[in-house]
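>>> 3D, please:
(2 chains)
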Amino acid sequence: MPKFAETLYDAYGQEFRIDELLHEVKTEHQHLIIFHNAAFGRVLVLDGVVQTTEKDEFIYHEMLTHVPILAHGSVRRVLIIGGGDGAMLREVTRHRRIEAVTQVEIDRQVIEMCRTYLPNHSQGAFDDPRVQIVIGDGSEFMATTEERFDVIISDSTDPIGPGEALFKEKFYAHCKSCLTPGGVLVAQNGVAYMQLDEAKTTARRLQRIFDDWYFYSAAVPTYIGGIMAFAWASDNPALRHTALATLKERFEKSGIETRYYNPDIHQASFALPQYLIEAIGE
Amino acid sequence: MNRLNCASYKEGEFYRDLIQQFGSPLLVLDADTVRSQYRDLRQALPGVEIYYAVKSLPHPAILRILSDLGAGFDLASSGEIELIRNLKISARSTIHSHPIKRDSDIRDGLRYGCTTYVVDNTDELLKFIPYKHRVGLFIRISFRSEAAVVDLSKKFGCALEEVDAMLTLAAKLGIHIKGLCFHVGSQCTDARQQVEAIHTCNTLIRRHHDTGAAPVSILDIGGGFPIAYDGGRMDIAAYCAPIRQALAALPPYVNLIAEPGRFISGPAMTCVTTVIGKAMRDGLRWYYLDDGVYGSFSGQIYDHMRYPLECFSNDKERFATVLAGPTCDSIDVIAEDVALPELNLGDLVIGHMMGAYTLASATHFNLLKSARVVEINGRFKETARIAAEQDIRFPLPVNPVHQLH
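Sure, this is the predicted structure:
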């Protein structure tokens, strides 16, 4: 039986049985495979690293969308950087009160491929009339756009690779200027235990730009090595401490059904392990 | 001196047919030889994982053959990474073995998924701090070899006395040192130096283990396995006997790796050239061939090798002859004062054992194209085919001109 062994860490790693290889392509910059695995459904791999799987993607996508949107409470406009698989779009568009969602994806091919091979990720979200897709470099878009957003979600690959620019101080600064007052930036920031330096670097950069910044977390099985850290940055420190009752009320009103997110998880996700607190504190 | 063999005219038919079909000059890669060299070395070094040194012949054809056999790959640059990535070979079976790297080289390697790197000094070790959770490193130790034609321990490798300090520093930084490696040289005449290096590493590994530190659990014995450029047969099993013995003395938790390049690629390729010009100069016959030291014969300059040559003629008479390459430079001479029969324009001169460090270091001087590579299986020319048409190096023109205003 063919197998896929992730090449992220030298001394440790996860392995999947490839029950069916669905797609393999070597583009100019990256090597992409999509296969079916009995335990995780369809698995998307870029350059030897698992990006997303059908079975556990909901954890990651629910946490990067509902947490900032429900903490904010009156989000109208959302920007997604990256997220070519469309799952982030799917979760955002479930909020009926949101008026416009812009997604900037660098590679049109990724969207096409994911619509074909990972249709459960987007579930038709690309066709939502509120959605605008921009094909282009996320960091350049941020530098030039006149638009303003209540929530910006950075759904990037790891900092080693095409997502590198989305971890730079300049990118965070552009994000800040594209946020409406009291807006929130959230960003994927790697598995904290394995990539502690990434959290450290991001913390240092956010600190220089935003009045309030922190991390929250969730454990995603196929991002191996423990909890994944999500960066949180806003000029409104109160948002991070939104009362449980308020979250419950907003969540109920949204009518959204979730599989990972709930208001208790929302609050608890800002409680960080000591090793991470020490790493991000100067 | 190049060894020279003159076979009957009829024996040249195989190569004449290939030239007819694919043009001249031609590099003929024999897949059967690649496979048998790989197999022979595996048998000579049981329990040792083979990582082919891509630098010796960085051509897709040989990489594909070796990948199918389950070989690993020893990489030394981002270009080599790109080549192997294009073949969709898993990074799991690769080592980045260059002891000196830019940060961008490390990132290119990590992005491909290669997590094994080599360091031989503390500055290099410090470069891995940001990536310490992802990588496992080898420390390269220098063992000078007088028995190697190409000494690889002069430019790289830390002194034996520095190893402990590097292990201590790495432990302090939280960087995992998983193994030791050495390269005694290339084309070694005997295994004494390798055996001595293995013994020394054995002592080091055991001493380190006794301190209770994380075990150094891989020994990479490098390459250097010789091939016979004099037309004889290399008994690799006999050559490796003392190495096997030395390896058997290592503690059981130590895994073994070798990085042969020349041994696998060298004998697998034959260079076929054509006489394109003739002259008599100072009583010597000069034959100008369509490939030379700026092309496939570049190894005679950089690699210090002399390839066994062959021509095909039924004439018995011999004349003092010079074989020259096609470029305008006078250094472009393959062999001087060799005894050859009279050759005619269009006759072939063959260079054997020309897989390693030949095409790899060929230049585009005079804007001459590198020889094409044709893949064959043994003597069955019916299956011969052009192996990957794309040039393995940069397409010409190389340097864009930036105009300053």
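>>> ok and the residue in chain B nearest chain A?
Among the residues of chain B, B:Gly113 lies closest to chain A, at 3.0 Å counting by Cβ to the nearest Cβ. Placement of C-beta: from N, CA and C, glycine included.
>>> From A:Phe4, how far out is that residue?
When Cβ to Cβ, to the nearest Å is the yardstick, B:Gly113 and A:Phe4 sit 11 Å from each other.
>>> show me the contacts for the residue of chain B closest to chain A.
For B:Gly113, the contact set (Cβ atoms under 8 Å, 6 or more residues apart in numbering or on different chains) comprises A:Thr7, A:Leu8, A:Asp47, A:Gly48, A:Val49, B:Ser90, B:Ala91, B:Arg92.
>>> The same query, at a cut-off of 10 Å, please.
Shown here is B:Gly113, whose contacts under the criterion Cβ atoms under 10 Å, 6 or more residues apart in numbering or on different chains are A:5-8, A:31, A:47-49, B:81, B:85, B:90-92, B:94, B:134.
>>> Can you check which residues contact both of B:Gly113 and A:Phe4?
What both B:Gly113 and A:Phe4 touch, as defined by Cβ under 10 Å, 6+ apart, is the set A:Gly48, B:Ser90, B:Arg92.
>>> The last one - that's part of a strand, no?
Okay, so that is B:Arg92. No - under DSSP: H, G, I helix; E, B strand; the rest coil, B:Arg92 sits outside any strand and is assigned helix.
>>> For the stretch 201-350 of chain B, just list every one of the strands.
B:218-220, B:255-258, B:269-281, B:284-289, B:309-312, B:319-324, B:333-340, B:348-351 (DSSP state E, counting those that start in this stretch).
>>> now those strands as JSON lines including mean neighbour count and distance to A:Ile59?
Rendered in JSON lines, the data for these read as follows (neighbours: other Cβ atoms under 10 Å in any protein chain shown; distance: least, Cβ to Cβ, whole Å):
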{"stretch": "strand B:218-220", "mean neighbour count": "24", "distance to A:Ile59": "36"}
{"stretch": "strand B:255-258", "mean neighbour count": "20", "distance to A:Ile59": "37"}
{"stretch": "strand B:269-281", "mean neighbour count": "19", "distance to A:Ile59": "53"}
{"stretch": "strand B:284-289", "mean neighbour count": "20", "distance to A:Ile59": "66"}
{"stretch": "strand B:309-312", "mean neighbour count": "22", "distance to A:Ile59": "67"}
{"stretch": "strand B:319-324", "mean neighbour count": "19", "distance to A:Ile59": "69"}
{"stretch": "strand B:333-340", "mean neighbour count": "18", "distance to A:Ile59": "66"}
{"stretch": "strand B:348-351", "mean neighbour count": "24", "distance to A:Ile59": "61"}
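>>> and those strands as CSV, adding mean pLDDT?
Conversion of the strands of the stretch 201-350 of chain B to CSV gives the following (pLDDT from 0 to 100):
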stretch, mean pLDDT
strand B:218-220, 98
strand B:255-258, 98
strand B:269-281, 97
strand B:284-289, 97
strand B:309-312, 97
strand B:319-324, 96
strand B:333-340, 94
strand B:348-351, 98
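>>> Just send those back as JSON lines, with distance to A:Phe141 too.
Below are the strands of the stretch 201-350 of chain B laid out as JSON lines (distance: least, Cβ to Cβ, whole Å):
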{"stretch": "strand B:218-220", "distance to A:Phe141": "46"}
{"stretch": "strand B:255-258", "distance to A:Phe141": "46"}
{"stretch": "strand B:269-281", "distance to A:Phe141": "50"}
{"stretch": "strand B:284-289", "distance to A:Phe141": "57"}
{"stretch": "strand B:309-312", "distance to A:Phe141": "62"}
{"stretch": "strand B:319-324", "distance to A:Phe141": "59"}
{"stretch": "strand B:333-340", "distance to A:Phe141": "58"}
{"stretch": "strand B:348-351", "distance to A:Phe141": "56"}
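>>> okay, residue 12: pLDDT?
All of this is about chain A. Looking at A:Tyr12, its pLDDT is 93.
>>> please go with chain B instead
Predicted confidence (pLDDT) for B:Gly12: 95.
>>> got it, and B:Pro400?
Predicted confidence (pLDDT) at B:Pro400: the value is 46.
>>> A:Val25 now?
In the prediction, the pLDDT value recorded for A:Val25 is 89.
>>> And for B:Gln390?
According to the model's per-residue confidence, B:Gln390 sits at a pLDDT of 47.
>>> Which residues are in contact with the residue most central in space within chain B?
A centroid search over chain B (Cα atoms, centre = their mean) returns B:Ser56, at 2.2 Å, as the residue closest to the centre. Residues counted as contacts of B:Ser56 (Cβ under 10 Å, 6+ apart) are B:62, B:74, B:186, B:223, B:259-266, B:299, B:303, B:355-361.
>>> Weed out the non-buried ones from those residues.
The neighbour count (16 or more other Cβ atoms under 10 Å in any protein chain shown) marks B:62, B:74, B:186, B:223, B:259-266, B:299, B:303, B:355-361 as buried among the contacts of B:Ser56.
>>> Select only the buried ones of the contacts of B:Gly113 in ChimeraX?
For selection in ChimeraX, the members of the contacts of B:Gly113 meeting the burial criterion (16+ other Cβ under 10 Å) are listed in this command:
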select /A:6,7,8,31,47,48,49 /B:81,85,90,91,92,94,134
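>>> B:Ile334 contacts B:Ala324, doesn't it?
Yes - taking contact to mean Cβ atoms under 10 Å, the distance of 6.8 Å between B:Ile334 and B:Ala324 places them in contact.
>>> tell me, what's touching the two both at once?
With the criterion set as Cβ under 10 Å, 6+ apart, the overlap between the contacts of B:Ile334 and B:Ala324 is B:Tyr287, B:Leu289, B:Gly292, B:Val293.
>>> Kindly confirm my reading that B:Arg42 is in a helix.
Yes - B:Arg42: assigned to a helix according to three-state DSSP.
>>> mind checking how far it is from B:His59?
Counting by Cβ to Cβ, the gap from B:Arg42 to B:His59 is 21 Å.
>>> pretty sure A:Phe126 is in a helix, no?
Yes - for A:Phe126, which was evaluated using three-state DSSP, the result is membership in a helix.
>>> Which residues lie in contact with it in this structure?
Contacts for A:Phe126 (Cβ under 10 Å, 6+ apart) come out as A:Gly86, A:Leu89, A:Arg90, A:Thr93, A:Gln103, A:Ile111, A:Cys114, A:Arg115, A:Ile133.
>>> and if we set it to 7 Å?
A:Phe126 sits next to A:Gly86, A:Leu89, A:Arg115, A:Ile133 when contact means Cβ atoms under 7 Å, 6 or more residues apart in numbering or on different chains.
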